[in-house]
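Visitor: got a structure for you, letters missing:
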């Protein structure tokens, strides 16, 4: 090979590498905790297929909205539709990108091996909570959807005062942590935050009459660094491959 040919091949190889690097992108994703399990399960395949890298951070809906409003940079956010609309109005999320991804209800858990209380009816659910020594759920002040709903539910059922002395509040993350450690006998949280956690048993969903379904939606940042890469992620999360993952993680496609 002549020196000229060698230089041409070397330049071509360098150009190919540069193109590959340019095509790969880092996507910063802020995800509400309830959807984090689905995102984590689908991330490896997405990264392998596209070459993009997901930088995933979690928090409650309230925490994530505040972080974004305070100026934190991001490319993709997964929170509630109302939160996406709010962030769109303030120019943080691109107009027209709100996309529903999943829906999930609230459920009850106990420590693995512990007796499963009856929560099949509203009366049975109330009795189970009143009989428990301690009850855990997400601290409403942290902005978690299930915690806000649970606090309102206890009040509407007329048992908030009775539960107050024995409640254990979790400031985001898994309520299951308190159940596994023995700090709480019964835990209440969205089903997708219960099913994947080792050390707890999913007792069942809240009775239909008092169930609360939360929809989680995605939004693309108005200042996303690589819009095409983010759109590829959105296509993956709304595609058919997501159906089985959602089911396995205790969630459903919206409207299912």
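Guide: Alright, I've got the coordinates. Only a predicted model underlies this, so the values are computations on that prediction, with no experimental measurement involved.
Visitor: check which helix or strand covers the most centrally placed residue in the chain.
Guide: Centrality entry for the chain: nearest residue to the mean C-alpha point is residue 35, 2.3 Å, by C-alpha atoms, centre = their mean. Residue 35 belongs to helix 33-50 when assigned by DSSP states H and E.
Visitor: distance between the ends of stretch 176-188?
Guide: 9 Å (C-alpha to C-alpha, to the nearest Å).
Visitor: what lies in contact with it?
Guide: The contact list for stretch 176-188 (C-beta atoms under 8 Å, 6 or more residues apart in numbering) reads 106-112, 114, 117, 128-129, 132-137, 146, 150, 168, 170, 175, 189, 193-194, 197, 199-200. The way it works is simple: take the backbone N, C-alpha and C, and place the C-beta from them, glycine included.
Visitor: so residue 204, which state does it fall into?
Guide: What DSSP: H, G, I helix; E, B strand; the rest coil gives for residue 204 is strand.
Visitor: contact partners for the residue lying closest to it once chain neighbours are set aside?
Guide: Once flanking residues are discounted, residue 204 sits nearest to residue 119: 5.3 Å by C-beta to C-beta, 6 or more residues apart in numbering. Counting by C-beta under 8 Å, 6+ apart, residue 119 touches 108, 125, 128, 203, 204, 206, 207.
Visitor: closest to residue 222 out of those residues?
Guide: Distance to residue 222 across those (C-beta to C-beta) is lowest for residue 206, with 36.7 Å.
Visitor: tell me how many other residues crowd the closest one.
Guide: Each residue near residue 206 was counted by other C-beta atoms under 10 Å, and the total is 20.
Visitor: distance of it from residue 109?
Guide: 12 Å (C-beta to C-beta, to the nearest Å).
Visitor: swap in residue 146?
Guide: 12 Å.
Visitor: cool, and residue 253?
Guide: Counting by C-beta to C-beta - residue 253 and residue 109 are separated by 24 Å.
Visitor: do the same with residue 25
Guide: Taking C-beta to C-beta, one finds residue 25 at 38 Å from residue 109.
Visitor: between these two, which one's more packed in?
Guide: Using other C-beta under 10 Å as the criterion, residue 25 and residue 109 rank with residue 109 on top: 29 against 21.
Visitor: that one sits in which helix or strand?
Guide: Using DSSP H and E, residue 109 falls in strand 106-111.
Visitor: just after that strand, pick out the following helix or strand.
Guide: In N-to-C order, the element after strand 106-111 by DSSP H and E is helix 122-131.
Visitor: which other helices and strands contact that following helix?
Guide: Helix 122-131 sits against helix 160-163, with contacts defined as 3 or more C-beta pairs under 8 Å, 6 or more residues apart in numbering; DSSP states H and E.
Visitor: and the helix it packs on, how far from the chain's centre?
Guide: 29 Å (C-alpha atoms, centre = their mean, to the nearest Å).
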